[in-house]
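Trainee: my questions concern the predicted model and sequence given below.
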Amino acid sequence: EALAGVGVLEEQEGNVEDARKFYSRALDADRRNVPAVTAWALMEERIGESKDARMIFERGLRQFSSPPSEAKMGLWNGYEQMELRAGRLIAAEAVAERADRDKLVKIYNSNKPSEKPSKRKKSKEEMEMMRWEKKREATR
């Protein structure tokens, strides 16, 4: 994370190319460095390079498998927020839907039935997803 920190300092000094180099080096050292992915993508957004910012988020997300970790969900959230700030509501919704599908994989994998189906209570995540889907259906 030290390399990402230097990237942030370089950006603050207005040295965008140097910042990119440090963010890149941070990700070479740890491809799952969420602070580096986020800082780099947000820098690209701030300087008007939203296509590059999206590409950085997409590359960062590919480093995590499903089910998503808390870190991966942080990237999904940052990506969605970026799209919202840009006024790209349809793109933000698409990002949110992809994140939700990722969550569903986690729920499905953690709740695969054993050989005998059992009556179990729904998890908190399942209940949240059900409420979200009902709410979503009501707004259509």
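Mentor: Noted; the coordinates are in hand. Source: prediction; values computed, not measured.
Trainee: just the helices in the protein please.
Mentor: Using DSSP state H, the helices of the chain run over 2-12, 16-29, 34-46, 50-62, 70-85, 89-110, 124-139.
Trainee: what's the most buried one of the ones you listed?
Mentor: Ranked by mean neighbour count under mean count of other Cβ atoms under 10 Å, the helices of the chain are led by helix 34-46, which reaches a mean of 22. (C-beta placed from N, C-alpha, C; glycine too.)
Trainee: state the mean pLDDT of that one.
Mentor: In this model, helix 34-46 has a mean pLDDT of 96.
Trainee: point out where this protein drops to low pLDDT.
Mentor: Within the chain, the stretches with pLDDT under 70 are 66, 105-140.
Trainee: could you redo the last one with a cut-off of 90?
Mentor: 1, 64-71, 101-140 (pLDDT under 90).
Trainee: mind listing residues that contact stretch 34-46?
Mentor: Contacts to stretch 34-46, defined as Cβ atoms under 8 Å, 6 or more residues apart in numbering, come from residues 1, 3-4, 7-8, 11, 16, 19-20, 23-24, 26-27, 30, 50, 52-54, 56-57, 59-60, 71, 74-75, 78-79, 82, 85-86.
Trainee: now with 6 Å?
Mentor: 1, 4, 8, 11, 23, 26-27, 52-53, 56-57, 60, 71, 74, 78, 82 (Cβ atoms under 6 Å, 6 or more residues apart in numbering).
Trainee: CA atoms only for that stretch, dumped as CSV, please.
Mentor: Output in CSV follows, covering the C-alpha atoms of stretch 34-46 (Å, rounded to 0.1, in the frame of the first residue of the first chain):
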residue,chain,number,x,y,z
VAL,A,34,-8.1,-2.5,-3.5
PRO,A,35,-6.9,1.0,-2.3
ALA,A,36,-4.5,1.1,-5.4
VAL,A,37,-7.3,0.1,-7.8
THR,A,38,-9.7,2.6,-6.3
ALA,A,39,-7.3,5.5,-6.1
TRP,A,40,-6.1,5.0,-9.7
ALA,A,41,-9.7,4.6,-11.1
LEU,A,42,-10.8,7.7,-9.2
MET,A,43,-7.8,9.7,-10.4
GLU,A,44,-8.7,8.8,-14.0
GLU,A,45,-12.3,9.8,-13.4
ARG,A,46,-11.2,13.2,-11.9
